[in-house]
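> how would this look folded up:
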Amino acid sequence: MVEVLDPTLSRDNQPLFINDVIEDKLSQSQEPLIEDTKSWVKARFTFGFLGFMGFALVYAMRVNLSIAIVSMVNKTESNKNDSANSTDICPSVDPVNGTFVPHTGEFNWDETTQGIVLGIFFFGYVATNVPGGRLAEKYGGKLVYGLGVFLTAVLTIISPFAAYWGLVPFAIVRVAEGITEGVTFPAMHSMLAHWVPPLERSKFAATVYAGLNFGTVISLPLSGWLCSLDLWGGWPLAFYLFGGLGVIWYIFWLIFVFDTPAQHTRIDPQERAFIEASVKLKNEGEANASVPWLAVFTSRPMWAIALTQCGQSWAFYTLLTELPTYMDKILHFDIQQDAVYSMLPYLSAWIVGLGISVLADALLAQNLLSTLGSFKFWNTIGSLGPSLSFLGAIWAGCDRNIVLFMLVGLGSLQGAVYAGNQMNHIALAPQYAGTLYGLTNAAANTCGFLAPYIVGMVVQGHETLTRWHLVFWLAAGVNTAGSLFYVVFASATEQPWSKGSR
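Numbering: from 1, shown residues only. Reported below is the predicted structural model:
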């Protein structure tokens, strides 16, 4: 007699762990009989590298404001704290000889205004996620992704001119950047469904999407250094540099990348046959069928992905947009130290994420983890690590070394999400992968907007440990709640509505 250890029933009135096994059997992809090309130069690797660089640049263009705003804002206006209890603030640190002292900022923006400036990007960003995914499915991801990066680069170049013109023009440009960048993730997801065999997806996606961590790692310290220069006021250089690189990148993307292996003019025929035998997408007519929206919006597995991504985005953007300010106002790092230390959590997440993705694919190949089990396990790791890092930062208080250790060490586990929920959309409905990712990414980045806005309201005029610890508690709680929902309701089975049936 086999005893059921976990009596919790699933939606099919079966124990959850049994249901996981059944779903994995249904969704498990078979390895193709055709062998891959032996060539070291593979078309999908070129596509992956340029996709990686594209994300690196769009994130560099997105996050440079987090550092630049420290130099842009007039300190005498933004630091009007009320008289806080001396035990609730960190003691000032005497500057080291030669340490950069930032320029006097030109803009009189208080904390709430800064929160709006940092977060308003997401108004445009969430608006184009779903259209971007659908356009990529219908017309190809090459044009949609490429234009998304290129237009973001052009807008980044003109950002300093808009800022000098006024707060409203600058805000409009930031919203426009969100609109153009919003298509990039769903368009890339649509392309991955065409280009990447199932047993390569975790490490391939981790490599491509790790561009966001790489871009952050490069952008933060380099932007800090550029802000310290006297040339053209310093901070505008951070916008000119990354915007210019984005324009150059677009030329290479147009030359070397194609929508599908079948359209590639220089691909090795053996590699094309291997990919097409591995990636079993529906024919073009079915792929372009209308999306069964009602079924999608009532799908619990889709809600599971959306909510866990929302929690992860809340935590991620709390760090991305607010960590430089926290290090400046609370831990009293100068802007160059601020920029270097702010990038460390993304460097560690990049390295750890690549390692975990390779391990995740190896465990799947050896059948040591089911597809669904792999999604749930690594997603939990990717959410729990950052949540614990926030709690560790609260515990560390004003100890700058321990705060950094918590955020860089435990926070590095956020890299596990690439082996977690990021490929789940393709498992649910491969021909709608771009649209599904657009939906969940739009929901997630709504939280990306709310995070800096709420931080601005919480700490407005009260730059104290108590206020910032409340920010960290909130980020940890939202992230953990989304992860728990994913564990209960996630699925790895291709859904009945995947064929376009309503």
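> so, low pLDDT: which residues of the stretch 1-150 of the chain?
1-39, 74-88, 92-105 (pLDDT under 70).
> would you list every one of the helices in it?
16-27, 43-72, 75-78, 111-119, 121-127, 129-139, 141-165 (DSSP state H, counting those that start in this stretch).
> now for the ones you listed, which one comes closest to residue 210?
Across those, the minimum distance to residue 210, taken as C-beta to C-beta, is reached by helix 43-72, at 6.8 Å. All C-beta atoms are positioned from the backbone trio N, CA, C, and that covers glycine.
> could you check the angle the closest one makes with helix 141-165?
Interaxial angle of helix 43-72 relative to helix 141-165 (axes from the mean of the first three to the mean of the last three C-alpha atoms, to 10 degrees): 10 degrees.
> residue 51: what's it in contact with?
Contact analysis of residue 51 by C-beta atoms under 8 Å, 6 or more residues apart in numbering lists 145, 188, 191, 208, 211, 257.
> and if you look at residue 309?
421, 440-441, 443-444, 482.
> relative to residue 109, how far out is residue 378?
Remark: distance between residue 378 and residue 109 (C-beta to C-beta, to the nearest Å) = 39 Å.
> whoops, residue 122 was the one
Distance, residue 122 to residue 109, by C-beta to C-beta: 18 Å.
> who has more neighbours out of the two?
Each of residue 122 and residue 109 has its neighbours counted (other C-beta atoms under 10 Å); residue 122 has more, 26 against 19.
> so what's the more buried one closest to, chain neighbours aside?
With C-beta to C-beta, 6 or more residues apart in numbering as the criterion, residue 122 has its nearest non-adjacent residue at 3.3 Å, and that residue is residue 449.
> count of residues packed around that neighbour?
24.
> centre of the chain versus the helix or strand it falls within, how much separation?
Residue 449 is located in helix 433-459, with elements delineated by DSSP states H and E. Centroid separation between helix 433-459 and its chain, computed with C-alpha atoms, centre = their mean, to the nearest Å, is 10 Å.
> just give me how far the helix or strand just after it sits from the chain centre.
With elements assigned by DSSP H and E, the helix or strand that comes after helix 433-459 is helix 465-489. Computed by C-alpha atoms, centre = their mean, the chain-centroid distance of helix 465-489 equals 17 Å.
> now swap in stretch 192-212 and tell me
Per C-alpha atoms, centre = their mean, the centroid offset for stretch 192-212 relative to its chain is 14 Å.
> before we move on, the earlier item: which single one of the contacts of residue 51 is nearest to residue 58?
residue 211 (8.2 Å).
> counting neighbours, what do you get for that closest one?
With neighbours defined by other C-beta under 10 Å, the count for residue 211 comes to 24.
> distance of it relative to residue 450?
25 Å.
> and residue 329, by the same measure?
21 Å.
> now residue 470
Taking C-beta to C-beta, one finds residue 470 at 15 Å from residue 450.
> who's in contact with residue 346?
213-214, 216-217, 220.
> tell me the mean pLDDT over the strand or helix carrying it?
With elements taken from DSSP H and E, the one containing residue 346 is helix 335-365. Taken as a whole, helix 335-365 has an average pLDDT of 79.
> quick check, pLDDT for the residue nearest to residue 122.
pLDDT, residue 449: 71.
> from residue 431, how far out is it?
30 Å.
> how many neighbours does the closest residue in space to residue 436 that isn't next to it in sequence have?
Nearest non-adjacent residue to residue 436, counting by C-beta to C-beta, 6+ apart: residue 425, 4.1 Å away. When neighbours are counted by other C-beta under 10 Å, residue 425 registers 28.
> would you agree residue 425 is in contact with residue 440?
Yes: proximity of residue 425 to residue 440 meets the contact threshold set by C-beta atoms under 8 Å, at 7.1 Å.
> what do the two both touch?
With C-beta under 8 Å, 6+ apart, residue 425 and residue 440 have common neighbours residue 305.
> list the contacts of residue 46.
With C-beta under 8 Å, 6+ apart, residue 46 has these contacts: 256-257.
> how about the nearest residue to the spatially most central residue of the chain, chain neighbours excluded?
Nearest to the mean C-alpha position of the chain, counting by C-alpha atoms, centre = their mean, stands residue 212 at 6.4 Å. Once flanking residues are discounted, residue 212 sits nearest to residue 59: 4.3 Å by C-beta to C-beta, 6+ apart.
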